[in-house]
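**Student:** Here is a sequence together with a model predicted from it:
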Amino acid sequence: MSHEPDTRVRQKVRLPELTAMRQRGERIVMVTAYDAPSARLADAAGVDMILVGDSAGTTVLGDRSTVPVTMDEMIVFTRAAVRGVTRALVVADMPFGSYQVSEETAVANAIRLVKEAGADAVKLEGAGRTLTRISGIVDAGMAVMGHVGLTPQSATLLGGYRAQARTAPAAARLIDQAVALERAGCFAIVLEAVPAVVAEEVTAAVTVPVIGIGAGAACSGQVLVWHDLLGLSEGPLPRFVKAYADLHAIIGAALREYADEVRRGVYPEPRHTYGMPEVEQERFASRHPSRKR
């Protein structure tokens with residue numbers, strides 16, 4: 001298996017291409033990113049979609065959940081990520097409170113993410129009343145990704161951050177929700193923390209791509225959080241997370257080495273400093289006698 005960068009010249013990912021990928025059986029790759037450098041790296045690696053998730057609340061802002069994240073914060077994160085992308089399709093999360101109140105509020109906030117931040121699409125959690133919000137946003141000319149299973153914005157109602165649809169009735173409801181999301185106009189669905197056997201049935205029940213996170217290998221694609229897959233997160237991680245690097249240790253070691261060299265006077269070395277032409281040094285010294293000592 002090659003670990004070389006994806007150097008293929010590829011066009012901007014559009015919604016029809018994602019649908020075609022599902023039909024061809026090609027797995028779709030999505031990753032979260034919250035700033036331009038991260039998005040640029042993901043884009044260069046050939047990632048198909050970048051999710052500017054409200055998970056930034058916990059991974060970047062230090063909150064204990066995604067609930068406190070605001071629309072203004074999502075605008076900043078999304079705008080930054082968009083600046084780093086040339087190919088991947090950028091999806092922005094609509095944070096808690098930005099679409100629950102009314103369809104009008106949902107449409108207005110979706111417009112902000114598309115118009116002000118440059119997102120290609122937005123993502124909403126849940127079904128139920130969310131379905132009318134999705135339909136309204138789609139009718140207004142914007143692309144929407146759904147999200148069912150474990151929905152972090154409503155984790156309290158779901159009994160915490162735990163796997164969903166682990167009973168037959170709950171699994172049946174989940175399939176119905178996914179079908180309803182497709183009918184409402186979603187171009188894709190994120191399916192989080194559900195048994196693999198259920199995720200397989202959900203994927204078979206709809207025609208749009210199903211992007212799994214903790215939902216097994218039968219989904220149309222996968223998404224992971226930037227900090228989790230790169231080993232930047234602290235504390236216990238969900239069982240579905242695979243860390244592909246240990247940047248926490250690498251960054252920590254680099255910072256400790258930097259601090260040590262500064263304290264010992266090892267850094268900066270002459271090669272890290274700027275010089276001055278000799279004639280200018282002499283002129284400078286003539287004006288500042290202390291330099292002649």
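**Tutor:** Nice, I can see it.

**Student:** Can you list the residue ranges for strands in the stretch 1-150 of the chain?
**Tutor:** For the stretch 1-150 of the chain, the strands defined by DSSP state E, counting those that start in this stretch cover 28-32, 49-52, 89-93, 121-123, 143-149.

**Student:** now the helices for the stretch 151-293 of the chain?
**Tutor:** For the stretch 151-293 of the chain, applying DSSP state H, counting those that start in this stretch gives helices covering 168-184, 196-205, 226-229, 247-264, 278-287.

**Student:** Now do the second one against helix 168-184, angle only.
**Tutor:** What separates the directions of helix 196-205 and helix 168-184 is an angle of 30 degrees, with axes from the mean of the first three to the mean of the last three CA atoms, to 10 degrees.

**Student:** circling back to that earlier point, save the helices of the stretch 151-293 of the chain as CSV, and put in distance to residue 51 too.
**Tutor:** Any C-beta I mention is one placed from the backbone N, CA and C, and that applies to glycine too. Shown next, in CSV, are those (distance: least, CB to CB, whole Å):
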stretch, distance to residue 51
helix 168-184, 16
helix 196-205, 18
helix 226-229, 9
helix 247-264, 19
helix 278-287, 53
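
**Student:** Burial-wise, tell me which of those helices comes out on top.
**Tutor:** helix 226-229 (a mean of 22; mean count of other CB atoms under 10 Å).

**Student:** in the stretch 101-250 of the chain, which ranges drop under the pLDDT threshold?
**Tutor:** For the stretch 101-250 of the chain, residues meeting the criterion pLDDT under 70 lie at 155-160.

**Student:** Can you give me every residue that contacts residue 127?
**Tutor:** When the contact criterion is CB atoms under 8 Å, 6 or more residues apart in numbering, the partners of residue 127 are 146, 148, 177, 180-181.

**Student:** returning to what we had before: residue 216: which of the helices of the stretch 151-293 of the chain is closest?
**Tutor:** helix 196-205 (2.7 Å; CB to CB).

**Student:** which residues make contact with that closest one from outside it?
**Tutor:** Under CB under 8 Å, 6+ apart, the answer for helix 196-205 is 165, 171, 174-175, 178-179, 189, 191, 194, 210, 212, 215-220.

**Student:** where does residue 291 land on pLDDT?
**Tutor:** The per-residue pLDDT reported for residue 291 equals 58.

**Student:** out of the strands of the stretch 1-150 of the chain, nearest to residue 134?
**Tutor:** Of these, nearest to residue 134 by CB to CB is strand 143-149, at 4.9 Å.

**Student:** what packs against the closest one?
**Tutor:** strand 121-123, helix 130-139, helix 168-184, strand 188-192 (3 or more CB pairs under 8 Å, 6 or more residues apart in numbering; DSSP states H and E).
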